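Engineer: From the sequence below, what's the structure:
(2 chains)
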Amino acid sequence: MKHKGARITPRANGLPKCPTGIQGLDEITDGGLPRGRPTLVCGGAGCGKTLLAAEFLVHGAVMFGEPGVFMSFEESESELKANVESLGFDFAGLVRRKKIVLDYVHIEPSEIQESGEYDLEGLFVRLNHAIDSIGAKRVVMDTLEALFAGLRNEGILRAELRRLFRWLKTKGVTAVITAERGREQLTRNGLEEYVSDCVILLDHRVNDQIATRKLRVVKYRGALHGTNEFPFLIGNTGISVLPITSLGLNHKTSSARIGTGIPRLDAMLGGRGFFRGSSILLTGTPGTGKTIVAANLASAACKRGERALFFSFEESPSQIIRNMQTIGLHLDPFVKRGLLRFHSARPSLYGLEMHLATMFKEITAFRPQVVVVDPVTSLMDSGTHSECRAMVTRLVDYLKARQVTTLFTSLTQGGHALQQSEASMSSLMDSWLLLQDFEGNGERNRVLYVLKARGMSHSNQVREFLISKRGVDVVDAYIGASGVLTGSARAAQEALEKAAVLASQQEGARRKRELGRKRTMLERQINGLRSDYETEALELRRIDQQVGTRSIVLSTERAASGRLRRADATVAARSR
Amino acid sequence: MKKKTVSRPARSWQLILYVIDQTPKSQLAYANLKMVCENHLKGRYHIKVIDLEKHPQLAKGAQILAIPTVVRRLPNPVRTIIGNLSDTDRLLVGLDLRASV
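Structural biologist: Next up, the predicted model:
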């Protein structure tokens, strides 16, 4: 099987490794535990030693085709099966299919009497038989130290343990030996002196009432390994170790853009929204509408037929859905169609690394294109500042590697728009939007602006962010003498402008009317004059006629008198 | 190896000695056990020797850890004594033949 180990681990000239299949642990140890050698896992009570060992065996049997022997000194077979199966492993099935052999070594000191010298050959025989019966490649001994409680002759015991580890090596099995943490040494009975190849220390400590599990590879002979303490957790699918520093800055970038669901916001971001796979920080004081922007982004993704995952650390899913309904954003259909998933948890529910691992799990399972973390600052409560930063770094790297667009909302205290934590976090972010309260004229209004947006031209304008029954809108804010005008001040400004327009319109109308009146007046005058003229012309004609009549009458009279005066007058009249 | 009195089965002792191979160590253990039995249980005991090299599968069920191991199957309760049985006092205590060392 050694050649198989060489195939699994890419290192050409390193030690052959035996992958544990435990999420994260193989990353830290650069491939797994030393193949064919014993590894000591030590830690205090309840820190997950047995589980780590059991998972090592189960994954070996299921994922790597390496059967294993579980030799338990503390838990009986049925207890062990129940414990391991509670984490979703089919332990009993593996035992049935002869992939795993369980051997419960029961030591009851009160039932054993020692008389003279002995050795532990019986244990060797049992182990050897178990290994050979299924061709096991992996062995777990949990917890070997029970022998110290059961057997009084420590001299024999130590000699036999030394022999046991040598024997395990010659047997060529990869062994995990668990041991209780000692007060001044790694293990209570100094088992570390026999196991020199690999020692893993598990720790379980409580900070601010939040328990954190840590894993550290104390020693790994002949191999590179991460020496840091790594948080790990026991979830409902077993152990996952979170190697915070293991991800690099080598993710692919996309130049595709995705809309935010708010057209004017898209316009502010070079007209096309955010880059796909970018990380966005949305900072705002309480009640500025961070969740609304986030919900819009999620709903826009769902409208495009993408999947969106909404991590909420403040509100329950139904509360978000209800609240968004009041602004005309209906998320329910997306949830029903399986495009939108909510994950709500109180930040104080468990430690930071548990949150992180849960988020990883959700992301891996749901494979979303858009992720919202609302708000990321809530998580800050569950860890120290450096831990949080490390966690966000890890999350950002993870999401970027998967080309997931992520919106982190961040709650800031009133007054201080930018806290130090945000400034340090912002270096991880590609875009940074700021939502702010704007107080004045006895009211509060919201403004939005783009603080930074890597790789895209973006608006430098402060915009007013309006939330109404019809949804959200981003509108121009007026710049007045006293700064940015928002809310009723903006409305007043708008009214003022409207009034001015109205006034000028009215002025125009008035002038037009006046002109019309003038024209009618003029026309009336013209008409009067014309009628005067016509009257006069009529008069004139009448006079003319009178003159004509008079001359006719005159000539008639003259002719009559001529007739009266004789014929020569007739001649004269005819000549005329 | 069989010494069993059929007439008094209720009081018969059943002892199993687990060994690995016929090494001097296991032979010594058998000799020590036999001696004690002869001295204290003459005619009322039965020693069965199981070589785990030949029957390794029996080790698990009998919860064998150390070699040599003597298991008193009868009378109840089951008693376990480990070692080459050279410490006769402890062997007697282990077999419930004496209250304490």
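Engineer: drop to CA atoms for contacts and neighbour counts, all remaining ones
Structural biologist: Noted.
Engineer: Residues of chain A that sit close to chain B?
Structural biologist: Within reach of chain B by C-alpha under 8 Å from any C-alpha of the partner chain, chain A has these residues: A:103, A:105-106, A:111-123, A:125-126, A:129.
Engineer: Check which helices and strands the helix or strand harbouring A:Lys512 sits against.
Structural biologist: Using DSSP states H and E, A:Lys512 sits in helix A:487-565. Judged by 3 or more C-alpha pairs under 8 Å, 6 or more residues apart in numbering or on different chains; DSSP states H and E, helix A:487-565 is in contact with strand A:443-453, helix A:568-575.
Engineer: Least confident of these, on average?
Structural biologist: Mean pLDDT is lowest for helix A:568-575 out of the helices and strands packed on helix A:487-565, coming in at a mean of 57.
Engineer: In chain B, what residue spans correspond to strands?
Structural biologist: B:13-19, B:45-51, B:69-74, B:79-82 (DSSP state E).
Engineer: List just the one of the ones you listed that sits closest to chain A.
Structural biologist: strand B:79-82 (4.5 Å; C-alpha to the nearest C-alpha).
Engineer: chain center to that closest one, what's the gap?
Structural biologist: Relative to its parent chain, strand B:79-82 has a centroid offset of 8 Å by C-alpha atoms, centre = their mean, to the nearest Å.
Engineer: what sits against the most centrally placed residue in chain A?
Structural biologist: The centroid of chain A falls nearest to A:Val372 when counting by C-alpha atoms, centre = their mean (2.7 Å). Residues in contact with A:Val372 (C-alpha atoms under 8 Å, 6 or more residues apart in numbering or on different chains) are A:294, A:298, A:308-312, A:406-409.
Engineer: any idea how far it lies from B:Ser12?
Structural biologist: Noted for A:Val372: a distance of 77 Å to B:Ser12, by C-alpha to C-alpha, to the nearest Å.
Engineer: Ok, A:Ile107 next?
Structural biologist: Separation of A:Ile107 from B:Ser12 (C-alpha to C-alpha): 27 Å.
Engineer: What separation do you get for A:Phe311 and A:Ser431?
Structural biologist: Distance from A:Phe311 to A:Ser431, by C-alpha to C-alpha: 19 Å.
Engineer: Now the closest residue to A:Gly172 other than its chain neighbours. Its backbone dihedrals?
Structural biologist: Nearest non-adjacent residue to A:Gly172, counting by C-alpha to C-alpha, 6 or more residues apart in numbering or on different chains: A:Gly36, 4.5 Å away. A:Gly36 adopts backbone torsions of phi 80, psi 10, taken as degrees, to the nearest 10.
Engineer: Pull the number of nearby residues for A:Gly36.
Structural biologist: 23 (other C-alpha atoms under 10 Å in any protein chain shown).
Engineer: How is chain A divided into domains?
Structural biologist: A:2-242, A:257-485 (automatic domain parsing).
Engineer: Could you provide these in CSV, with additional columns for distance to A:Glu557?
Structural biologist: Output for these, formatted as CSV (distance: least, C-alpha to C-alpha, whole Å):
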stretch, distance to A:Glu557
domain A:2-242, 144
domain A:257-485, 99
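Engineer: Contact partners for the nearest residue to A:Pro109 once chain neighbours are set aside?
Structural biologist: Among residues not flanking A:Pro109 along the chain, A:Gly150 sits closest, at 4.6 Å (C-alpha to C-alpha, 6+ apart). By C-alpha under 8 Å, 6+ apart, the residues touching A:Gly150 are A:107-109.
Engineer: Name only those of those residues that count as buried.
Structural biologist: A:Ile107 (16 or more other C-alpha atoms under 10 Å in any protein chain shown).
Engineer: Which of the contacts of A:Gly150 sits closest to chain B?
Structural biologist: Nearest member of the contacts of A:Gly150 to chain B, counting by C-alpha to the nearest C-alpha, is A:Ile107, at 8.1 Å.
Engineer: Check chain B and tell me which residue is nearest its centre.
Structural biologist: B:Val70 (3.6 Å).
Engineer: confidence score at it?
Structural biologist: For B:Val70, pLDDT reads 89.
Engineer: Could you list everything it pairs with in the sheet?
Structural biologist: Applying DSSP bridges to B:Val70 yields these beta-bridge partners: B:Leu17, B:Ile81.
Engineer: ok, now A:Gly235?
Structural biologist: A:Gly238.
Engineer: what's it in contact with, if anything?
Structural biologist: Contacts of A:Gly235 (C-alpha under 8 Å, 6+ apart): A:87, A:354, A:358.
Engineer: got it, and A:Phe366?
Structural biologist: By C-alpha under 8 Å, 6+ apart, the neighbours of A:Phe366 are A:307, A:309.
Engineer: ranges for the strands of the stretch 101-250 of chain A?
Structural biologist: A:112-114, A:138-142, A:174-180, A:198-207, A:210-220, A:229-235, A:238-241 (DSSP state E, counting those that start in this stretch).
Engineer: As CSV, those with mean pLDDT would be great.
Structural biologist: Output for those, formatted as CSV (pLDDT from 0 to 100):
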stretch, mean pLDDT
strand A:112-114, 84
strand A:138-142, 91
strand A:174-180, 90
strand A:198-207, 84
strand A:210-220, 81
strand A:229-235, 78
strand A:238-241, 79
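Engineer: In a markdown table: these, plus distance to A:Leu265.
Structural biologist: Compiled in a markdown table, these are given as follows (distance: least, C-alpha to C-alpha, whole Å):
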| stretch | distance to A:Leu265 |
| --- | --- |
| strand A:112-114 | 78 |
| strand A:138-142 | 58 |
| strand A:174-180 | 56 |
| strand A:198-207 | 41 |
| strand A:210-220 | 39 |
| strand A:229-235 | 39 |
| strand A:238-241 | 39 |
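Engineer: Run through chain B and note the low-pLDDT ranges.
Structural biologist: B:1-11, B:99-101 (pLDDT under 70).
Engineer: Go again with 90.
Structural biologist: B:1-15, B:19-48, B:51-101 (pLDDT under 90).
Engineer: Next to chain A in this structure, residues from it, please.
Structural biologist: Proximity of chain B to chain A (C-alpha under 8 Å from any C-alpha) is limited to residues B:20, B:52-53, B:56-57, B:59-60, B:63-68, B:79-88, B:90-91, B:93-94.
Engineer: quick check, A:Leu87 in a helix?
Structural biologist: No - counting by DSSP: H, G, I helix; E, B strand; the rest coil, A:Leu87 is not found in a helix; it is coil.
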